[in-house]
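# the sequence and its predicted three-dimensional model are supplied below.
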Amino acid sequence: MGRFISNLAILIGLIGFSVWLFLTLGFSGGPSDFTQDYAAGHALLHGVSIYGGTIEEYTRNLLGFSGHFNFHPPTNAVFFLPLALLPYPLAFIVWNTANIILYGIIFILCQRMFHTTVPVWQMFSFGLVWWPFVHTTQLGQSSIVIAALLVFGWRVARGGQRPALAGALFGLAATIKLFPAFLGVYFLLSRNWRALASMVGVFLGAAAASVLIVGREDALVYLSTIMPQDVREWGHFPLNCSLTGLILPLLAASEFIQPLTALPLSEVISAVSLLSLIVGVAGAAAAYRFLKSGQRDEAFFLLVIVMLLISPITWMHMFLILIPLFVFLSLHLQKPLERGALVGVLFLLSVPDVLATRSVYSVYSPGLIPPEIYLALRAPTFGLMLLIPLIALARRRAPISGA
């Protein structure tokens with residue numbers, strides 16, 4: 001059996017690397033999510049606004065094709081300044097190459113945290129064909145960088161010897177996308193004041209530096225216009241895996257889903273925001289109970305799941321942060337039924353949502369997708385929810401010593 005798994009891992013790894021290479025080269029010459037960050041960095045170098053119609057026109061003139069409306073924080077433009085010095089195709093290839101290296105480092109960190117007997121190269125090989133990674137490669141997204149910062153920060157936090165470094169890594173992740181800021185709740189609940197202060201300090205420092213570089217006007221545009229517009233335009237998008245993405249299309253009119261009832265969008269957003277707040281508080285309370293029992297891993301992983309659920313927008317490529325949780329659960333859930341449940345949840349979190357949604361939409365177009373069909377497409381969201389009882393089940397097992 002061991003030789004079979006090894007041979008299978010080699011085959012899967014070769015397939016995964018081939019797919020990565022094909023997508024990296026194929027999307028290096030066209031629009032993707034990477035486009036908005038690259039164009040924003042390039043515009044910043046030339047004193048052009050990084051938001052609104054200005055960046056759209058700038059992108060077309062720079063690259064010869066239309067990019068995406070820039071919804072990312074100003075700090076992203078600053079981080080992408082070095083890549084903006086390169087030609088666009090080369091920058092995309094360099095970016096994806098750095099990402100696949102970081103992806104491998106994530107598995108190395110997981111092996112060192114949990115001392116699993118599964119070889120790192122086998123986990124990495126199978127991980128190359130996981131849809132969130134494939135989708136990240138296609139989009140040129142920053143989710144692998146965020147996941148690597150959070151995983152490394154969590155490994156440091158588990159050791160307890162360098163709290164300032166752990167907080168700094170979390171703070172840096174939150175400057176790239178805002179949703180990791182919720183994980184500061186872990187430091188708050190565990191009363192790790194040095195880590196919390198470091199996280200807040202790095203976040204505010206990076207934000208202040210980006211305002212100085214990007215400009216006060218663009219920073220205000222992002223806060224006052226881009227952030228609300230982001231939720232309005234993408235909150236009800238069929239690929240949004242958060243609670244907002246699950247509920248909004250069912251209660252408010254959209255161009256894709258037939259709602260159960262058409263309520264005003266602003267009212268539904270307010271109601272979902274309240275629900276997310278309640279879920280966040282309940283998740284923090286449950287994490288605190290884990291911490292009181294000395295179960296730090298369970299507390300952290302629960303907060304990670306809650307973070308993904310209550311974020312207004314959560315795409316599947318953000319699931320890469322769940323890799324340590326899968327390793328943790330695979331070590332704690334040993335009974336056949338438990339293993340079966342874990343495999344089932346992993347399947348839900350691996351559904352190629354883009355391909356499935358496009359196929360379904362092509363059947364119903366130009367009409368709207370029925371709500372019951374839409375709920376089936378939201379399998380990844382339900383998979384996130386089902387991870388919570390698996391963590392509760394793993395809590396009954398004796399904790400595995402970490403650092």
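That came in fine, so what should we check first? Residues are numbered from 1 along each chain as shown.
# could you use CA atoms for every contact and neighbour count after this?
Will do.
# from residue 367, how far off is residue 361?
Residue 361 sits 8 Å away from residue 367, going by Cα to Cα, to the nearest Å.
# can I assume residue 74 is in contact with residue 213?
No. Taking contacts as Cα atoms under 8 Å, residue 74 lies outside contact range of residue 213: 9.0 Å.
# the more surrounded of these two?
A side-by-side neighbour count of residue 74 and residue 213, using other Cα atoms under 10 Å, places residue 74 first with 31 against 17.
# contacting residues for that one?
Residue 74 sits next to 210-211, 214, 218-219, 222 when contact means Cα atoms under 8 Å, 6 or more residues apart in numbering.
# also residue 380?
Taking Cα under 8 Å, 6+ apart, we find residue 380 in contact with 241, 316, 348-351.
# not counting sequence-adjacent ones, nearest residue to the residue most central in space within the chain?
In the chain, the residue lying closest to the centroid (Cα atoms, centre = their mean) is residue 318, at 1.8 Å. Distances taken as Cα to Cα, 6 or more residues apart in numbering place residue 143 nearest to residue 318, at 5.5 Å, with adjacent residues excluded.
# what's the distance between the one you found and residue 368?
Residue 143 is 30 Å from residue 368, by Cα to Cα.
# neighbour count for residue 361 and residue 367, which is higher?
Ranked by neighbour count (other Cα under 10 Å), residue 361 and residue 367 place residue 361 first, with 17 against 13.
# test my guess that residue 203 contacts residue 172.
Yes. If you go by Cα under 8 Å, residue 203 and residue 172 touch, sitting 6.2 Å apart.
# and the one helix or strand residue 94 maps to, what does it pack onto?
Element membership for residue 94 (DSSP states H and E) is helix 88-114. Helices and strands touching helix 88-114, as assessed by 3 or more Cα pairs under 8 Å, 6 or more residues apart in numbering; DSSP states H and E, comprise helix 2-26, helix 81-84, helix 120-127, helix 143-159, helix 323-332.
# go again with 10 Å.
Using 3 or more Cα pairs under 10 Å, 6 or more residues apart in numbering; DSSP states H and E as the contact test, the elements touching helix 88-114 are helix 2-26, helix 33-45, helix 52-63, helix 81-84, helix 120-127, helix 131-139, helix 143-159, helix 323-332.
# and the angle for the last one with helix 143-159?
This points to helix 323-332. On the basis of axes from the mean of the first three to the mean of the last three Cα atoms, to 10 degrees, helix 323-332 is oriented at 50 degrees to helix 143-159.
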